[in-house]
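Colleague: Sequence and predicted structure, then a few things I'm wondering about:
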2 protein chains.
Amino acid sequence: MLHQLCPRVEKALELLSKRWTGLIIYQLLNGPHRFCEIESSLPISGRLLSERLKELEKEGIVNREVFPEVPVRVEYALTEKGAGLAPVMKELEEWANKFIN
Amino acid sequence: MLHQLCPRVEKALELLSKRWTGLIIYQLLNGPHRFCEIESSLPISGRLLSERLKELEKEGIVNREVFPEVPVRVEYALTEKGAGLAPVMKELEEWANKFIN
DNA sequence: TAATACACTTACTAAAAGTAAGTAGCATTT
DNA sequence: AAATGCTACTTACTTTTAGTAAGTGTATTA
């Protein structure tokens, strides 16, 4: 590694370049969602969704809230850090509309 | 899959969520680079870099140009479509500077 | 009593990534 | 003439990650 790109951008891209992460965040930009809602909106398995949400929670991007109802309800919402990705997604949408298809 | 998110954004995130893809594009935003330059600027193996560059070429994001010098020189540059990702990366940089570390 | 709902886990298989060595073409060095 | 080096890859193999399917616990409803 001769020279280094911006380490913060590297870290950011490392986060977003895990499969499903971007789409989960994209979905949560529309407001909090429960586990089964995310699961059914994406072709992701429960196993991996659980894993990804834990990672995002650990990174401070997603907040997990448990409602002790029956059956239990668990909601996932973006933190301030997570919501900060909105402009990135907005630009990505614009790019996609211009260049995809 | 109950409802669907924007298919173009899904496609865009599918591209960017392959490991190294984002960083390769981020690097090429600084101008064309040859194979060994990208290889030494990222902790990526030649095997995978070769694979990623082929994918990006196929998606019309990167252009490959061979200079028949000795030893041969191969340069990779962003196409218009690839360069269109600049605003996305700019926003990502801003997010990273604000929220990473 | 059996079935259903939700949010996971666990066990297993398939695909992707990582590592290391090899190839090809040509030029310079020994 | 043979060996070495440069560049841009491939190939073979191992490890890690993702995908699939079935199971768990709790409580309600049929």
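Modeller: That came in fine, so what should we check first?

Colleague: Need the pLDDT of the spatially most central residue of chain A.
Modeller: Nearest to the geometric centre of chain A sits A:Ile25, at 2.6 Å (C-alpha atoms, centre = their mean). Per-residue confidence (pLDDT) for A:Ile25: 98.

Colleague: And for A:Val70?
Modeller: For A:Val70, the pLDDT comes out at 89.

Colleague: try A:Leu2
Modeller: On the pLDDT scale, A:Leu2 is placed at 39.

Colleague: returning to that earlier point: for the residue nearest to the centre of chain A, which non-adjacent residue is closest in space?
Modeller: Spatial nearest neighbour of A:Ile25, chain neighbours left out: A:Leu85 (5.8 Å); criterion: C-beta to C-beta, 6 or more residues apart in numbering or on different chains. Every residue, glycine included, has its C-beta placed from N, CA and C.

Colleague: Does the residue nearest to the centre of chain A touch A:Met89 like I think?
Modeller: Yes - A:Ile25 lies in contact with A:Met89 (C-beta atoms under 8 Å); the separation is 7.3 Å.

Colleague: neighbours around A:Gly46, how many?
Modeller: By the measure other C-beta atoms under 10 Å in any protein chain shown, the count of residues near A:Gly46 is 11.

Colleague: Enumerate every residue touching it.
Modeller: Listed by C-beta atoms under 8 Å, 6 or more residues apart in numbering or on different chains, the contact partners of A:Gly46 are A:Phe35, A:Glu39.

Colleague: Excluding sequence neighbours, find me the nearest residue to whichever residue of chain A sits closest to DNA strand D.
Modeller: Going by C-beta to the nearest atom of the strand, DNA strand D is nearest to A:Ser45 of chain A, at 3.1 Å. Leaving out its chain neighbours, the residue that sits closest to A:Ser45 by C-beta to C-beta, 6+ apart is A:Glu39, at 8.0 Å.

Colleague: In contact with that neighbour, which residues?
Modeller: Applying C-beta under 8 Å, 6+ apart, the residues contacting A:Glu39 are A:Ser45, A:Gly46, A:Leu49.
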